[in-house]
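Visitor: okay, here's the prediction I keep looking at, along with the sequence it came from:
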Amino acid sequence: MTSTDAAILGALLDEHHPRKVEASEWAHEHLRDPRLAERDASCSFWHDGWAALAERGALAMIADPDHGGSGLDLVDALLTWEGLGHGCTDDGLIFAATSQALTMQLTLDRFGSDLQKKEWLAKLTAGEAFGAFAMSELESGSDAFSLTTTATPVADGWRLDGTKAWVTLSPIADVLIIFATTDPSLGRWGITAFVVPSDTPGLTVGPNMPKMGMRTTPFAMVTLDNCVVPDDARMGAVGAGASIFSAAMEPERGFLLIGNLGALERVIDTAVAYARTREQFGTPIGSFQAVSHAIADMKVGHETARLLLYKAAALHQRGTPSMLAAAMSKLVASEAALRGALSAVDVHGARGYVTEYEIERDLRNAAGGVIYGGASGIQKNIIARMLGLPT
Ligand SMILES: Cc1cc2nc3c(=O)[nH]c(=O)nc-3n(C[C@H](O)[C@H](O)[C@H](O)COP(=O)(O)OP(=O)(O)OC[C@H]3O[C@@H](n4cnc5c(N)ncnc54)[C@H](O)[C@@H]3O)c2cc1C
């Protein structure tokens, strides 16, 4: 067995892995914001929490050491993010960090030019800059390659026109990866990616949009109106955008739910503690099978999702195709988190429903997981396609 295999097995078998426990304890101490409920209500990002995460190296873990990264194994990074998701009750903060690290930074790291990486990666991994990844549009969500944002060749560069939708971190982003078509008649083969600083004239970010959950992660519409960028803003070849997007989606699908898994474990801990102490009919409610079985189901969902996620990570780390594992990981983790959070509301009765006890927020935060990174229907399509079914 190689040391990598041993590390993977350790992560799979030990849900109290020391790296995870240490991250959870650290988050419990440093990332518990007494103003969280207030910030959740006002949809406010926690800059001090971000600075603490950055100082701990949480944004640098999987990035290239030549550009400020610590070059950690993916599995070790995931254990850390899982622990952070468990210890930090601001799920939006962890979602912001994992989105930036796994989707934006990793894509820049893998496909950016030397110039683009030199300009942005060290600042992003140090938490000094925010990055966003802009693919979705109002009319092209699941059908991502039907996007209509255009990139028109102009002297020395490209003119971008269109509107990107639901872009995580865009209200505070310094730089965005933007996908546009250079030739709509070519379909997916016309799509090209660009690295665009947010202060480029013609790029406007709309106001932070209030949403159901993950309210402390800002997101917004991004409008490009006669936004001219030099040719060296292009990421990869003309027409390579769909391939870059597909490659970027694999780690997003496989691993973005890692913070939600940590949060689900926290939700289970809370439900168990409550069911052991809350008495009705003269006995703890945990002694009622309806309650204990609901919590048992939460645990099975969590464990299944955890095994799938680390399996996808192991395959990814080995360079083995992991599309099927990543789609199953995304599907199972997002649905386990949502079902588990709903059960927790049920177990806590009215206390689960009112804002004061902060149980309902976990449910709202979990709901988005079945949408971003590819909705559940799309994951099922991938799984069916990988099984050889016509989709
Ligand atoms: C919190 C959050 C953060 C996000 N962050 C980003 C971001 O940073 N960057 C970005 O580019 N986008 C982002 N998105 C957008 C996200 O990627 C899209 O919302 C997602 O791809 C779904 O697209 P849609 O909302 O248009 O839904 P639709 O595509 O309209 O889907 C609606 C429903 O139809 C189902 N459906 C659609 N097509 C099929 C099909 N072929 N087979 C089966 N079922 C189908 C879906 O499963 C879903 O249930 C974010 C979304 C959320 C909620």
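Guide: The structure has been received and is ready for your questions. Numbering: from 1, shown residues only.
Visitor: ok, and the closest non-adjacent residue to residue 57?
Guide: Closest residue to residue 57 apart from its sequence neighbours, by C-beta to C-beta, 6 or more residues apart in numbering: residue 70 at 5.8 Å. Quick note: C-beta positions are derived from backbone N, CA and C, even for glycine.
Visitor: give me the number of residues near the residue lying closest to residue 183 once chain neighbours are set aside?
Guide: Closest residue to residue 183 apart from its sequence neighbours, by C-beta to C-beta, 6+ apart: residue 190 at 3.9 Å. Using other C-beta atoms under 10 Å, residue 190 has 20 neighbouring residues.
Visitor: what's the answer for residue 100, then?
Guide: By other C-beta under 10 Å, 24 other residues sit near residue 100.
Visitor: which bits of the stretch 251-391 of the chain sit near the ligand?
Guide: 368, 371-372, 374-378, 381 (C-beta under 6 Å from any ligand atom).
Visitor: from the chain's centroid, how far away is stretch 190-207?
Guide: 21 Å (C-alpha atoms, centre = their mean, to the nearest Å).
Visitor: one step back: residue contacts, the residue nearest to residue 183?
Guide: 181-184, 239 (C-beta atoms under 8 Å, 6 or more residues apart in numbering).
Visitor: need the three-state assignment for residue 238.
Guide: Residue 238 carries the three-state label coil when classified by DSSP: H, G, I helix; E, B strand; the rest coil.
Visitor: and the gap between it and residue 373?
Guide: 27 Å (C-beta to C-beta, to the nearest Å).
Visitor: for residue 251, same thing?
Guide: 10 Å.
Visitor: now swap in residue 245 and tell me
Guide: According to C-beta to C-beta, residue 245 and residue 373 sit 12 Å apart.
Visitor: likewise for residue 172?
Guide: Look at residue 172 and residue 373: by C-beta to C-beta, they are 21 Å apart.
Visitor: same thing with residue 386?
Guide: From residue 386 to residue 373 the distance is 17 Å (C-beta to C-beta).
Visitor: same question for residue 101.
Guide: Relative to residue 373, and taking C-beta to C-beta, residue 101 is found at 14 Å.
Visitor: more neighbours: the two, which one.
Guide: Ranked by neighbour count (other C-beta under 10 Å), residue 101 and residue 373 place residue 101 first, with 27 against 24.
Visitor: so for the residue in the stretch 1-150 of the chain positioned nearest to the ligand, what pLDDT did the model give?
Guide: Closest to the ligand within the stretch 1-150 of the chain is residue 141: 1.8 Å, counting by C-beta to the nearest ligand atom. The confidence metric pLDDT takes the value 98 at residue 141.
Visitor: for residue 182, give me its contacts.
Guide: Counting by C-beta under 8 Å, 6+ apart, residue 182 makes contact with 150-153, 158, 190-192, 238-239.
Visitor: any of those residues buried? List them.
Guide: Buried members of the contacts of residue 182, counted by 16 or more other C-beta atoms under 10 Å: 150-151, 158, 190-192, 238-239.
Visitor: looking at those, which are in strands?
Guide: Cross-referencing these against strands under DSSP state E gives 150-151, 158, 191-192.
Visitor: a markdown table for those residues, including pLDDT?
Guide: Formatted as a markdown table, these follow (pLDDT from 0 to 100):
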| residue | pLDDT |
| --- | --- |
| 150 | 98 |
| 151 | 98 |
| 158 | 98 |
| 191 | 98 |
| 192 | 98 |
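Visitor: mind picking the two most distant members of those?
Guide: Greatest spacing in these, by C-beta to C-beta: 158 and 191 (13.0 Å).
Visitor: find residues that contact each of the two.
Guide: Counting by C-beta under 8 Å, 6+ apart, the shared contacts of residue 158 and residue 191 are 180, 182.
Visitor: about what we covered before: return the distance of the residue nearest to residue 183 relative to the ligand.
Guide: From residue 190 across to the ligand, the span is 18 Å (C-beta to the nearest ligand atom, to the nearest Å).
Visitor: how close does that residue get to residue 337?
Guide: Residue 190 is 36 Å from residue 337, by C-beta to C-beta.
Visitor: same check, this time on residue 213
Guide: For residue 213 relative to residue 337 (C-beta to C-beta), the value is 11 Å.
Visitor: the two - which one has more neighbours?
Guide: Between residue 213 and residue 337, counted using other C-beta under 10 Å, residue 337 has the larger neighbour count: 31 against 21.
Visitor: isn't that one up against residue 262?
Guide: No: under the criterion of C-beta atoms under 8 Å, residue 337 is not in contact with residue 262, lying 10.0 Å apart.
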